[in-house]
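Asker: Following is a predicted model, sequence given first.
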Number of protein chains: 2
Amino acid sequence: MTDHFDMPGHLARRFQQIAVAIFHAEVEAAGFDLTPVQYVALAVLRQHPGIDQATLAGLIAYDRTTIGGVIDRLFQKGLIIRAVSPRDRRAHVLHLTEAGLTTLEGIQPAVEAAQREMVAGLEPAEVTEFIRLFRKAITAANDRSRAPMKPAP
Amino acid sequence: MTDHFDMPGHLARRFQQIAVAIFHAEVEAAGFDLTPVQYVALAVLRQHPGIDQATLAGLIAYDRTTIGGVIDRLFQKGLIIRAVSPRDRRAHVLHLTEAGLTTLEGIQPAVEAAQREMVAGLEPAEVTEFIRLFRKAITAANDRSRAPMKPAP
DNA sequence: TACTGATTATCAGTATGCTGTCAATTAGCA
DNA sequence: TGCTAATTGACAGCATACTGATAATCAGTA
């Protein structure tokens, strides 16, 4: 374990770095301007329309502070709408706009291509196993970060 | 692949997030104040004393802009020394200080504990396979990020 | 009902990482 | 040798992520 290239921590950083770069390249080539984080937020928002920031953050394990900036930028781009919840005046409920839905659908092929490229060096069976191990490790350590994954209420 | 929780990109972000949180928790509990990125830079600098910023960045696949800030903070903490190279006046050669070496040695148990905790949900054989798949995917996609890994000259 | 505690979102501050750009310097070639 | 290209490190700017703190609001209880 002396070599940093055998350490899960370093490998995690490096793989994430590559994953983001590939995502940006594919998305830009497809004519869109959306970060990986913004994409996931948008995708989850389509599946769960009307949730507030805290719920969205819990579904994708974003920090509550981080999600604020992401929401701001998605709003600036006209992809989502934010409104004070009628049931809880602290909360801001979120909805995709038409442009948000169009963007999400248009960007999908690029996103899927990016996912394939990230693991292009692996055999198909290895990809399946890689994802399984990722999920297993993440599930077991879910509570170790400030922003754990939380199912929708 | 519709579920973001099956996408390598999202899994990479989430695992990296957990890995950093565990690293910070272990290192802080051991009485040190060092980030994962700062640790790797320090560790590689011990193995390759006297290299310049660009070479260090290449060895650990950091962006050339990022490495500047990391170096600054390690210098502020008194862990490294920076000097203009006699052979190339553009380059800054780097060396660990005594405090840097002491910190590196003292922090080692916490770092190794953190690495184990990141994959605590996996069986030992799964950990080995996880690391193998990480390395294989990363090696194949090395040139896809702005900061590829480069061996020492 | 009044109070305590939890929750929601925000803020300032710090640390990665990236983009593109720049000046200084070096290296390679005509 | 002289010129061009590449390299080194820096800068501003943007986008994640975290820390700890705060105000506003809600929920459960005395």
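Answerer: Received it, and whenever you're ready, just let me know what you need. Keep in mind the model is a prediction, meaning the values are calculated, not measured.

Asker: tell me, what residue is most central in chain A?
Answerer: Centroid check for chain A by CA atoms, centre = their mean gives residue A:40 as the closest residue, at 3.3 Å.

Asker: any idea how far chain B is from that residue?
Answerer: Distance of residue A:40 to chain B, computed by CB to the nearest CB, to the nearest Å: 5 Å. Placement of C-beta: from N, CA and C, glycine included.

Asker: can you tell me if the helix or strand where that residue lies touches DNA strand D.
Answerer: Assigned by DSSP states H and E, residue A:40 belongs to helix A:36-47. Yes: against DNA strand D, helix A:36-47 shows contacts by CB under 7 Å from any atom of the strand at A:36, A:37, A:38.

Asker: Which residues are in contact with the nearest residue to residue A:29 once chain neighbours are set aside?
Answerer: Nearest residue to residue A:29, sequence neighbours excluded (CB to CB, 6 or more residues apart in numbering or on different chains): residue A:110, at 7.0 Å. Contacts here follow CB atoms under 8 Å, 6 or more residues apart in numbering or on different chains; on that basis residue A:110 touches A:26, A:27, A:29, A:30, A:32.

Asker: one step back: is there a quick ChimeraX command that grabs whichever of the residues of helix A:36-47 next to DNA strand D are buried?
Answerer: To isolate the buried members of those in ChimeraX, using 16 or more other CB atoms under 10 Å in any protein chain shown:
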select /A:36,37,38
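
Asker: Filtering the residues of helix A:36-47 next to DNA strand D by proximity to chain B, which remain?
Answerer: Among these, the residues within reach of chain B (CB under 8 Å from any CB of the partner chain) are A:36, A:37.

Asker: which residues in chain A form strands?
Answerer: Taking DSSP state E as the test, the strands found in chain A are A:80-84, A:92-96.

Asker: The first one and DNA strand D, are they touching?
Answerer: Translated: strand A:80-84. No: Strand A:80-84 does not reach DNA strand D (CB under 7 Å from any atom of the strand); its nearest approach is 8.9 Å.

Asker: which strands and helices sit next to that strand?
Answerer: With contacts taken as 3 or more CB pairs under 8 Å, 6 or more residues apart in numbering or on different chains; DSSP states H and E, strand A:80-84 sits against helix A:64-76, strand A:92-96.
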